[in-house]
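Visitor: Mind folding the following:
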Amino acid sequence: MPSSKRFGRSTPPFHPDKLVHGVGRASSLVDVVAGVLAFCALTTMLVVITLQIVFRVFFQALPWSEELSRYLLVWTTFLGATMAYRRGVHIAVTFLVNSLPALLGRMVRIAGILVSLIFFGTAMFYAVRYMQLQSFQVTASLRLPMPYVYAVMPAAFGVMILHGLHALLLEIFPEHRPPAVNVTIRHEPIPVNPPADPSEPVARRTSGSSCGCGD
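Guide: Numbering: from 1, shown residues only. I've put the predicted structure just below:
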(Lines give C-alpha, C1' and ligand atoms only; values in the text may rest on other atoms or scores of the structure.)
Protein backbone atom coordinates (compact mmCIF):
# COMPACT_ATOMS: atom_id res chain seq x y z
CA MET A 1 0.00 0.00 0.00
CA PRO A 2 1.61 3.29 -1.00
CA SER A 3 2.36 5.64 1.81
CA SER A 4 1.51 9.32 1.75
CA LYS A 5 5.14 10.11 2.55
CA ARG A 6 6.11 8.89 -0.94
CA PHE A 7 4.34 11.88 -2.42
CA GLY A 8 5.99 14.29 0.01
CA ARG A 9 2.88 14.73 2.16
CA SER A 10 1.92 13.27 5.51
CA THR A 11 -1.32 13.57 7.41
CA PRO A 12 -0.73 15.52 10.62
CA PRO A 13 -1.85 13.68 13.74
CA PHE A 14 -5.04 14.83 15.44
CA HIS A 15 -4.46 16.34 18.86
CA PRO A 16 -7.74 16.63 20.79
CA ASP A 17 -5.99 18.41 23.64
CA LYS A 18 -5.16 21.35 21.36
CA LEU A 19 -8.73 21.49 20.11
CA VAL A 20 -10.23 21.38 23.61
CA HIS A 21 -7.70 23.91 24.90
CA GLY A 22 -8.26 26.29 21.96
CA VAL A 23 -12.04 26.22 22.21
CA GLY A 24 -11.77 26.57 25.99
CA ARG A 25 -9.56 29.64 25.72
CA ALA A 26 -11.97 31.22 23.22
CA SER A 27 -14.89 30.43 25.52
CA SER A 28 -13.10 31.97 28.51
CA LEU A 29 -12.15 35.10 26.57
CA VAL A 30 -15.67 35.64 25.27
CA ASP A 31 -17.05 35.05 28.76
CA VAL A 32 -14.80 37.78 30.17
CA VAL A 33 -15.94 40.22 27.48
CA ALA A 34 -19.59 39.34 28.14
CA GLY A 35 -19.06 39.89 31.86
CA VAL A 36 -17.55 43.33 31.31
CA LEU A 37 -20.34 44.36 28.94
CA ALA A 38 -23.02 43.06 31.31
CA PHE A 39 -21.46 44.95 34.21
CA CYS A 40 -21.31 48.18 32.20
CA ALA A 41 -24.89 47.77 30.99
CA LEU A 42 -26.19 47.04 34.49
CA THR A 43 -24.28 49.94 36.02
CA THR A 44 -25.49 52.34 33.34
CA MET A 45 -29.05 51.13 33.80
CA LEU A 46 -28.90 51.79 37.56
CA VAL A 47 -27.51 55.29 36.94
CA VAL A 48 -30.20 56.07 34.37
CA ILE A 49 -33.00 54.83 36.63
CA THR A 50 -31.64 56.90 39.51
CA LEU A 51 -31.53 60.00 37.32
CA GLN A 52 -35.03 59.26 36.14
CA ILE A 53 -36.34 59.21 39.72
CA VAL A 54 -34.42 62.35 40.74
CA PHE A 55 -35.49 64.36 37.70
CA ARG A 56 -39.10 63.21 37.95
CA VAL A 57 -39.35 64.26 41.61
CA PHE A 58 -37.34 67.48 41.61
CA PHE A 59 -37.12 68.58 37.97
CA GLN A 60 -38.67 67.67 34.63
CA ALA A 61 -38.82 63.99 33.66
CA LEU A 62 -36.22 62.76 31.18
CA PRO A 63 -38.02 61.44 28.09
CA TRP A 64 -35.22 59.08 27.06
CA SER A 65 -34.44 57.50 30.44
CA GLU A 66 -37.20 54.89 30.41
CA GLU A 67 -36.35 53.81 26.88
CA LEU A 68 -32.62 53.54 27.51
CA SER A 69 -33.08 51.61 30.75
CA ARG A 70 -35.40 49.14 29.00
CA TYR A 71 -32.89 48.42 26.23
CA LEU A 72 -30.03 48.14 28.73
CA LEU A 73 -32.12 45.56 30.60
CA VAL A 74 -32.41 43.55 27.39
CA TRP A 75 -28.66 43.60 26.90
CA THR A 76 -28.01 42.67 30.54
CA THR A 77 -30.46 39.77 30.32
CA PHE A 78 -28.95 38.19 27.24
CA LEU A 79 -25.35 38.72 28.34
CA GLY A 80 -26.16 37.32 31.76
CA ALA A 81 -27.79 34.30 30.13
CA THR A 82 -24.52 33.43 28.39
CA MET A 83 -22.61 33.67 31.65
CA ALA A 84 -25.17 31.55 33.48
CA TYR A 85 -25.14 28.91 30.74
CA ARG A 86 -21.37 28.60 30.85
CA ARG A 87 -21.41 28.11 34.63
CA GLY A 88 -24.37 25.73 34.59
CA VAL A 89 -26.49 27.81 36.96
CA HIS A 90 -29.69 27.80 34.93
CA ILE A 91 -32.58 25.94 36.55
CA ALA A 92 -32.24 22.23 35.80
CA VAL A 93 -33.36 18.90 37.22
CA THR A 94 -30.29 16.66 37.25
CA PHE A 95 -31.03 13.98 39.84
CA LEU A 96 -32.09 11.48 37.17
CA VAL A 97 -28.96 12.00 35.06
CA ASN A 98 -26.72 11.87 38.12
CA SER A 99 -28.29 8.55 39.17
CA LEU A 100 -27.51 6.88 35.83
CA PRO A 101 -24.37 4.81 35.22
CA ALA A 102 -21.32 6.78 34.13
CA LEU A 103 -21.45 5.87 30.43
CA LEU A 104 -25.21 6.28 30.10
CA GLY A 105 -25.16 9.58 31.96
CA ARG A 106 -22.40 10.81 29.69
CA MET A 107 -24.44 9.90 26.60
CA VAL A 108 -27.49 11.72 27.99
CA ARG A 109 -25.40 14.82 28.67
CA ILE A 110 -23.99 14.75 25.14
CA ALA A 111 -27.52 14.44 23.71
CA GLY A 112 -28.66 17.36 25.86
CA ILE A 113 -25.81 19.55 24.64
CA LEU A 114 -26.56 18.66 21.01
CA VAL A 115 -30.21 19.60 21.46
CA SER A 116 -29.12 22.88 23.04
CA LEU A 117 -26.80 23.62 20.13
CA ILE A 118 -29.62 23.02 17.66
CA PHE A 119 -31.86 25.37 19.61
CA PHE A 120 -29.17 28.06 19.83
CA GLY A 121 -28.45 27.82 16.12
CA THR A 122 -32.14 28.08 15.21
CA ALA A 123 -32.66 31.00 17.59
CA MET A 124 -29.58 32.75 16.20
CA PHE A 125 -30.90 32.38 12.64
CA TYR A 126 -34.27 33.91 13.48
CA ALA A 127 -32.63 36.64 15.59
CA VAL A 128 -30.63 37.72 12.53
CA ARG A 129 -33.82 37.65 10.44
CA TYR A 130 -35.57 39.78 13.05
CA MET A 131 -32.71 42.30 12.96
CA GLN A 132 -33.08 42.54 9.19
CA LEU A 133 -36.79 43.23 9.51
CA GLN A 134 -36.07 46.04 11.98
CA SER A 135 -33.23 47.55 9.95
CA PHE A 136 -35.24 50.59 8.84
CA GLN A 137 -36.67 51.51 12.25
CA VAL A 138 -35.25 53.74 14.98
CA THR A 139 -36.10 54.15 18.64
CA ALA A 140 -38.70 56.73 19.63
CA SER A 141 -36.65 58.96 21.94
CA LEU A 142 -32.97 58.25 21.32
CA ARG A 143 -33.39 57.74 17.55
CA LEU A 144 -31.06 54.77 17.64
CA PRO A 145 -31.26 52.19 14.85
CA MET A 146 -33.17 49.17 16.10
CA PRO A 147 -30.54 46.67 14.85
CA TYR A 148 -28.18 48.08 17.49
CA VAL A 149 -30.72 47.23 20.16
CA TYR A 150 -31.40 43.70 18.94
CA ALA A 151 -27.80 42.88 18.01
CA VAL A 152 -27.29 41.32 21.43
CA MET A 153 -29.68 38.46 20.60
CA PRO A 154 -27.70 36.74 17.78
CA ALA A 155 -24.46 37.62 19.57
CA ALA A 156 -25.65 35.95 22.78
CA PHE A 157 -26.82 32.82 20.98
CA GLY A 158 -23.49 32.66 19.14
CA VAL A 159 -21.62 32.88 22.44
CA MET A 160 -23.76 30.10 23.90
CA ILE A 161 -22.99 27.97 20.85
CA LEU A 162 -19.28 28.43 21.62
CA HIS A 163 -19.81 27.48 25.27
CA GLY A 164 -21.86 24.48 24.20
CA LEU A 165 -19.13 23.28 21.82
CA HIS A 166 -16.62 23.50 24.66
CA ALA A 167 -18.88 21.47 26.92
CA LEU A 168 -19.43 18.92 24.13
CA LEU A 169 -15.69 18.48 23.61
CA LEU A 170 -15.18 17.99 27.33
CA GLU A 171 -17.79 15.24 27.34
CA ILE A 172 -16.30 13.55 24.26
CA PHE A 173 -12.73 13.85 25.58
CA PRO A 174 -13.14 13.69 29.37
CA GLU A 175 -9.43 13.01 29.86
CA HIS A 176 -8.76 16.63 28.85
CA ARG A 177 -11.17 18.11 31.38
CA PRO A 178 -9.35 20.81 33.41
CA PRO A 179 -9.12 20.36 37.17
CA ALA A 180 -11.27 23.43 37.93
CA VAL A 181 -14.97 22.59 38.10
CA ASN A 182 -16.47 25.95 37.19
CA VAL A 183 -14.57 26.69 33.98
CA THR A 184 -17.34 25.42 31.73
CA ILE A 185 -20.88 24.15 31.80
CA ARG A 186 -21.26 22.07 34.93
CA HIS A 187 -23.05 18.78 34.25
CA GLU A 188 -21.84 16.89 37.31
CA PRO A 189 -22.18 17.65 41.02
CA ILE A 190 -19.12 18.96 42.82
CA PRO A 191 -17.57 16.09 44.81
CA VAL A 192 -17.54 16.65 48.54
CA ASN A 193 -15.82 14.75 51.31
CA PRO A 194 -18.15 12.34 53.13
CA PRO A 195 -18.98 13.28 56.73
CA ALA A 196 -17.09 11.57 59.48
CA ASP A 197 -18.66 8.56 61.13
CA PRO A 198 -19.95 9.70 64.55
CA SER A 199 -19.32 6.23 65.96
CA GLU A 200 -15.63 6.44 65.09
CA PRO A 201 -13.32 7.54 67.93
CA VAL A 202 -12.26 11.17 67.92
CA ALA A 203 -8.59 10.23 67.80
CA ARG A 204 -9.11 8.50 64.45
CA ARG A 205 -11.23 11.29 62.95
CA THR A 206 -8.59 13.94 63.62
CA SER A 207 -5.76 13.97 61.15
CA GLY A 208 -3.22 15.91 63.22
CA SER A 209 -0.67 14.44 65.59
CA SER A 210 -0.46 15.15 69.31
CA CYS A 211 0.07 18.90 69.58
CA GLY A 212 0.26 19.58 73.26
CA CYS A 213 -3.09 17.92 74.07
CA GLY A 214 -3.13 15.73 77.12
CA ASP A 215 -3.76 12.01 76.86
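Visitor: State the helix or strand in which the spatially most central residue of the chain lies.
Guide: Most central in the chain under Cα atoms, centre = their mean is Arg86, positioned 2.1 Å from the mean C-alpha point. Element membership for Arg86, per DSSP states H and E: helix 65-87.
Visitor: Can you list the helices and strands that that helix packs against?
Guide: helix 16-58, helix 152-172 (3 or more Cβ pairs under 8 Å, 6 or more residues apart in numbering; DSSP states H and E). Heads up, the C-betas are built off the backbone N, CA and C, glycines and all.
Visitor: Could you list the low-pLDDT ranges of this structure?
Guide: 1-14, 175-215 (pLDDT under 70).
Visitor: again, 50 this time
Guide: 1-5, 7, 181-184, 187-192, 202-215 (pLDDT under 50).
Visitor: rewinding a little: next, the angle helix 152-172 makes with the helix holding Arg86.
Guide: 10 degrees (axes from the mean of the first three to the mean of the last three Cα atoms, to 10 degrees).
Visitor: Touching helix 65-87 from outside, list them.
Guide: For helix 65-87, contacts defined as Cβ atoms under 8 Å, 6 or more residues apart in numbering pick out 27, 30-31, 34-35, 37-38, 41-42, 44-45, 48-49, 51-52, 55, 90, 139-142, 144, 149, 152-153, 155-156, 159-160, 163-164, 182, 184-186.
Visitor: Okay, buried residues for that helix please.
Guide: Buried residues in helix 65-87, counted by 16 or more other Cβ atoms under 10 Å: 65, 67-69, 71-72, 75-76, 78-83, 85-87.
Visitor: Highest mean neighbour count out of the helices and strands packed on helix 65-87?
Guide: helix 152-172 (a mean of 21; mean count of other Cβ atoms under 10 Å).
Visitor: for that helix, packing partners?
Guide: Against helix 152-172 (3+ Cβ pairs under 8 Å, 6+ apart) you get helix 16-58, helix 65-87, helix 102-133.
Visitor: Output those as JSON lines; include the columns distance to Glu171.
Guide: Output for these, formatted as JSON lines (distance: least, Cβ to Cβ, whole Å):
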{"stretch": "helix 16-58", "distance to Glu171": "11"}
{"stretch": "helix 65-87", "distance to Glu171": "15"}
{"stretch": "helix 102-133", "distance to Glu171": "5"}
